[in-house]
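Chemist: With the sequence up front, the predicted model follows.
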Amino acid sequence: MEVKDILFNLRKNNNLTQGEMAKKLFVTRQAVSRWENGKTIPNVDTLKLISNIFDISINSLITDNKLNDIQNDKINSNRFIGFAQLYENSRPTIPDFACDMVLNYLEHNPEQIVDLGCGTGLSTLALIDKCNNIIGIDPNEEMLSIAKLKSDKISFIKAYSDNTTLPDNSTDIVICSQSFHWMQPTDTLREVNRILKPNGIFATIDCDWPPVCSLEAELAYSQLLNKVRFIELENQNIFKTFQRWNKNKHLQNIKQSGYFKYAREIVFMNKEKYNTDRFIGIALSQGGLQTILKTHPDLIENDIELFEKKIKSIYGNNEFDINFCYRMRIGVK
């Protein structure tokens with residue numbers, strides 16, 4: 001797909017006229033028209049603005065073919081190399097409420113559940129009492145090495161989301177917990193449809209960042225992650241290391257796939273006990289921040305130090321409650 005087609009689809013998918021798109025990007029309507037006719041392409045500054053406004057990486061604006069999708073799958077997997085244990089120690093798991101809602105829509109006891117993009121198995125382990133046959137799938141060997149230590153009752157497969165290696169019509173439930181935005185949605189949903197049984201359930205589960213805790217802590221967290229996003233946009237060799245799809249389009253992608261007879265979003269909150277180190281770990285476990293630490297640590301180290309000092313000054317050695325706000329999108333085949 002050419003740049004002109006990508007920009008046209010981006011505008012249409014966001015229900016914008018050429019004039020409305022132009023206003024958002026501080027250009028003329030004629031400029032948008034020339035992009036979509038293939039006569040010109042946006043300059044670098046405008047590409048950065050498009051990336052920021054529409055939550056899409058610049059490299060995906062420049063090329064969007066099958067080879068690129070395969071490369072993106074691989075680089076997204078590599079993005080999590082080197083901090084699997086930090087991820088395991090810091091991240092929340094699937095709340096019981098989410099599991100119960102998925103089972104409620106299935107309306108019978110599942111024979112098989114697949115945790116797609118299972119990572120270190122945090123979400124997979126949460127499903128262990130819900131089904132006798134649970135399979136975790138992830139392409140990252142480092143993540144899977146931790147997941148495999150959790151239980152001998154769970155099977156783990158190294159595979160990508162568009163090629164799970166599972167048989168047709170073999171699965172009752174497929175869950176993507178904190179992972180669907182790292183997967184090419186069209187190919188992944190095609191694969192999900194292939195392995196799901198009739199009336200099977202697909203569910204994406206994501207929490208908002210930062211978690212709900214206190215004004216000062218949330219501001220400190222947001223400031224750090226905003227700096228990460230700024231660095232990603234300003235450094236070409238960083239933003240080329242990943243492809244992130246917009247979480248806000250999960251439900252739209254599920255509906256538009258045509259595979260599901262019913263789809264909806266469920267919003268809920270879940271409380272967990274945290275301490276200072278684990279809270280700091282949530283921020284440090286973000287893939288973007290870790291990529292910067294691997295490639296340009298000097299750009300973020302001072303910000304991390306300030307963030308850690310701030311969180312320690314707020315919470316000290318105390319244990320405290322934080323609330324995660326979740327958005328779950330469900331599709332019934």
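Modeler: That came through fine.
Chemist: Now do stretch 266-282, average pLDDT.
Modeler: In this model, stretch 266-282 has a mean pLDDT of 96.
Chemist: dump the residue contacts of residue 232.
Modeler: 238-239, 288, 291-292 (C-beta atoms under 8 Å, 6 or more residues apart in numbering). For every residue, glycine as well, the C-beta is placed using N, CA and C.
Chemist: Can you tell me which residue sits nearest the middle of the protein?
Modeler: Nearest to the mean C-alpha position of the chain, by C-alpha atoms, centre = their mean, lies residue 181 at 3.2 Å.
Chemist: ok, residue 11 - contacts?
Modeler: Per C-beta under 8 Å, 6+ apart, neighbours of residue 11: 18, 21, 32, 36.
Chemist: Not counting its neighbours along the chain, what's nearest residue 221?
Modeler: residue 210 (3.8 Å; C-beta to C-beta, 6 or more residues apart in numbering).
Chemist: burial measure for that neighbour, as a count.
Modeler: Residue 210 has 20 neighbours, counted by other C-beta atoms under 10 Å.
Chemist: who's in contact with residue 214?
Modeler: residue 314.
Chemist: what helix or strand does residue 114 sit in?
Modeler: Using DSSP states H and E, residue 114 sits within strand 113-116.
Chemist: packing partners for that strand?
Modeler: strand 134-138, strand 171-177, helix 185-195 (3 or more C-beta pairs under 8 Å, 6 or more residues apart in numbering; DSSP states H and E).
Chemist: same thing but 6 Å
Modeler: Using 3 or more C-beta pairs under 6 Å, 6 or more residues apart in numbering; DSSP states H and E, the elements in contact with strand 113-116 are strand 134-138, strand 171-177.
Chemist: Tabulate those strands (a markdown table), appending distance to residue 202, mean pLDDT and mean neighbour count.
Modeler: What follows is these, written out as a markdown table (distance: least, C-beta to C-beta, whole Å; pLDDT from 0 to 100; neighbours: other C-beta atoms under 10 Å):
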| stretch | distance to residue 202 | mean pLDDT | mean neighbour count |
| --- | --- | --- | --- |
| strand 134-138 | 14 | 97 | 26 |
| strand 171-177 | 5 | 98 | 26 |
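Chemist: can you put those in TSV and add distance to residue 276?
Modeler: Conversion of these to TSV gives the following (distance: least, C-beta to C-beta, whole Å):
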stretch	distance to residue 276
strand 134-138	29
strand 171-177	25
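Chemist: Nearest to residue 97, out of these?
Modeler: strand 171-177 (13.1 Å; C-beta to C-beta).
Chemist: Partner strands of that closest one and their direction?
Modeler: Using DSSP bridges, the strands paired with strand 171-177 are strand 113-116 (parallel), strand 196-207 (parallel).
Chemist: any idea which helix or strand comes after the least confident helix or strand in the chain by mean pLDDT?
Modeler: Of all helical and strand segments in the chain, the minimum by mean pLDDT, DSSP states H and E falls on helix 66-78, at a mean of 52. The helix or strand immediately downstream of helix 66-78 is helix 84-90, counting by DSSP H and E.
Chemist: Could you list every helix and strand in contact with that next one?
Modeler: helix 141-147, helix 276-284.
Chemist: For the stretch 51-200 of the chain, give me the ranges with low pLDDT.
Modeler: Applying pLDDT under 70 to the stretch 51-200 of the chain flags the ranges 57-80.
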